[in-house]
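Trainee: Predicted coordinates and the sequence they were generated for:
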Amino acid sequence: MDIQTRDLNKIVVFDISGDLSRPSGVSLHQAVKSQHERGMRNIILNFAEVGFVDSFGVGEILASYISTQHLGGKIKLCRISKKLYLVFQVTGLIKILEIFEDCESALQSFEAL
């Protein structure tokens, strides 16, 4: 898994590529927490280049969501494949996460806050 970050005003976009599974380097949750330390509370996770999420990856998404919520921020997901949507549906994540077809829609949803 590789994570590239971009700052768009007060929102950080994580462009994730590869499989979201047990990392050999920095985990998703560690990357999110490092943004929290910078004072960034609103995050978009772009899944356009993610092909697989295992139970560890689901846990990383959930841990990132919880730690962000506790700080008063929001995590939103975009560009999720049908295959990954099914994983999120089975695990119940679609009930708590805001999921958008494209990143522009996710970005605009922050403006409504």
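Mentor: That came through fine.

Trainee: Can you show me the helices along the chain?
Mentor: Counting by DSSP state H, the chain has these helices, from start to end: 28-37, 55-70, 82-91, 103-111.

Trainee: and the residue sitting nearest the centre point of the chain, bridged to which residues?
Mentor: A centroid search over the chain (C-alpha atoms, centre = their mean) returns residue 45, at 3.1 Å, as the residue closest to the centre. For residue 45, the beta-bridge partners are residue 14, residue 77 (DSSP bridges).

Trainee: Go ahead and confirm it touches residue 20.
Mentor: No: look at residue 45 against residue 20 with C-beta atoms under 8 Å: they stay out of range, at 9.3 Å. All C-beta spots, glycine's among them, are computed from the backbone N, C-alpha and C.

Trainee: Need the residues touching each of the two.
Mentor: Counting by C-beta atoms under 8 Å, 6 or more residues apart in numbering, the contacts common to residue 45 and residue 20 are 28, 61.

Trainee: Flag the shaky bits of this protein, pLDDT-wise.
Mentor: For the chain, applying pLDDT under 70 flags the ranges 112-113.

Trainee: sorry, back to before: what are the neighbouring residues in contact with the residue nearest to the centre of the chain?
Mentor: 14, 16, 28, 61, 64, 75, 76, 77, 78.
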